[in-house]
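# Sequence isn't available, so here's the structure alone:
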């Protein structure tokens, strides 16, 4: 992309802790807030109405921790149960357990969860590691959910509808591949939950690097601009990514067929992608 | 500083999680490692022999959490006690308490600590909020300590000796004022402690923004270069900062005298600063 995605920062810029004291998430750079909402509107993969809160984190990993904190309560007699349907992202158990918090505890496979106690279900869709499209499996009244939508972008899966959950996680590392920038964001409906997440990030790292946010804002902004540009010559970012992923999965499937059953690959249903306007396959990026 | 402190990052740089797979702290940018060690050598405020580990964090706040995790143990029957001599940095109690960990707990003023149990003493020197120069006060065998040296730079206090503690914290926000970058570093003697800290930062945020690290490396590098440059015209960064802080404290002291005892300011002992080569006053930056 040449100079279009270049960021330049001089020595005396970005010195303050504060990005926007008028915002609940006071450490969120307004340019990033704007780029995130614009991109979701262009892609159509998540609801970002103005009354939803965007919370930025040091990767979506930090926001997962922030959500555990925000969805649990010191007033409960026992730590809240955290579950996910197997197979699940391998880091969830350790992330939940490693500080031995009295607020929450890992409770294993959501498919086997039968306790009549408060719980948080973590739903990853498309799922890491198997690429499947998922919803909650426990579905008990009062149950809480974290929807990790890291891979819900057009290069990986058809965008069949706008995700509209209470708490959704996205990350720069999977949207565009910029893992080293450590930028994730949550889209949250409830103000009290959003405020508790902000508190978590304040107490654990006093916000998020402004340099990292500026770079994410710039790159997400250029991608959104290209997707909206009817005069664009060539592919936009997601078309390019989808073509590459599709070629790679094609090679894998060929090898699978030649392997005489030594290894096999899952089949994914085709879906109508509202972003591309055609039926597309899943090309999981895990 | 014009262009000397400018950083330029193009769209496809810095995409990987990994900065240096040969280093225990695999997410530390080698340029930042180098700039930190060089600056401490030039200023003489901390031991940074090659066998010490540098761990980068999302601000020194995240490294404080990482040290609580690294210095505690799930094998102890009770959470380890965390103490600090009053008056202490107002965030320490909340940072220690908010996740209700079974690994550590806040145990209040170190001056009143009389339990015969494992403990971690947090020592901030120069101290936040009062600028005093401090050491540990509990001093019991097997006691552990975290030395927060955020303000131990020549613009705030005379550099009387090279700090040489097991675990020392520094932060870009106080060294140069770049709070928005969220870069802190720990200098750690023990490899097992360093490895546990790395683990903490992996599980809580999978590392630290490379953009933020690049900028800190650049700015700390320019400051170190100027301090070593015998042909430098005008003041180096710390001389400039010390002059400003000294002028501000001068104005405050004048107002204090005119206030007829309505408010008073503490007196700090002069000390021989090995960096400037003269006796200097403390000009706390809190």
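Ah, there it is. Quantities reported herein were computed from a predicted structural model and do not represent experimental measurements.

# near chain B, which residues of the stretch 51-200 of chain A show up?
Neighbours of chain B within the stretch 51-200 of chain A, by Cβ under 8 Å from any Cβ of the partner chain: A:57-59, A:61-62, A:65, A:69, A:74, A:91, A:94-95, A:98-103, A:173, A:177-183, A:200. C-beta: built from backbone N, CA, C; applies to glycine.

# how does it look with 10 Å?
Taking Cβ under 10 Å from any Cβ of the partner chain as the contact definition, the stretch 51-200 of chain A meets chain B at A:57-65, A:68-69, A:72, A:74, A:79, A:91, A:94-104, A:171, A:173, A:176-184, A:199-200.

# Separate out the buried members of those residues.
A:57-65, A:68-69, A:72, A:79, A:95-96, A:98-101, A:103-104, A:171, A:173, A:176-184, A:200 (16 or more other Cβ atoms under 10 Å in any protein chain shown).

# Show me these that map onto strands.
Of the positions in those, A:57-58, A:104, A:171, A:183-184 sit in strands, assigned by DSSP state E.

# if I read this right, residue A:97 contacts residue A:105, doesn't it?
Yes: at 7.3 Å, residue A:97 counts as touching residue A:105 under the criterion of Cβ atoms under 10 Å.

# Please enumerate the shared neighbours of these two.
residue A:82 (Cβ atoms under 10 Å, 6 or more residues apart in numbering or on different chains).

# ok, which stretches of chain A are strands?
For chain A, the strands defined by DSSP E cover A:7-9, A:53-58, A:80-84, A:104-109, A:119-124, A:144-148, A:167-171, A:183-188, A:271-273, A:278-280.

# Reformat those as JSON lines; add mean pLDDT.
Formatted as JSON lines, the strands of chain A follow (pLDDT from 0 to 100):
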{"stretch": "strand A:7-9", "mean pLDDT": "96"}
{"stretch": "strand A:53-58", "mean pLDDT": "98"}
{"stretch": "strand A:80-84", "mean pLDDT": "98"}
{"stretch": "strand A:104-109", "mean pLDDT": "98"}
{"stretch": "strand A:119-124", "mean pLDDT": "98"}
{"stretch": "strand A:144-148", "mean pLDDT": "98"}
{"stretch": "strand A:167-171", "mean pLDDT": "98"}
{"stretch": "strand A:183-188", "mean pLDDT": "98"}
{"stretch": "strand A:271-273", "mean pLDDT": "97"}
{"stretch": "strand A:278-280", "mean pLDDT": "95"}
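
# could those strands be laid out in TSV, adding distance to residue B:265?
Shown next, in TSV, are those (distance: least, Cβ to Cβ, whole Å):
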stretch	distance to residue B:265
strand A:7-9	37
strand A:53-58	38
strand A:80-84	49
strand A:104-109	46
strand A:119-124	50
strand A:144-148	50
strand A:167-171	48
strand A:183-188	42
strand A:271-273	67
strand A:278-280	69
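
# beta partners of residue A:119?
When assigned by DSSP bridges, residue A:119 has beta-bridge partners residue A:81.

# can I assume it is in contact with residue A:143?
Yes: assessed by Cβ under 10 Å, residue A:119 is found in contact with residue A:143 at 5.7 Å.

# okay, those two: which has more neighbours?
residue A:119 (21 against 16; other Cβ atoms under 10 Å in any protein chain shown).

# Against chain B, how distant is the more buried one?
Using Cβ to the nearest Cβ, to the nearest Å, residue A:119 is found at 18 Å from chain B.

# State the distance from that residue to residue A:80.
Computed as Cβ to Cβ, to the nearest Å, the residue A:119 to residue A:80 distance reads 6 Å.
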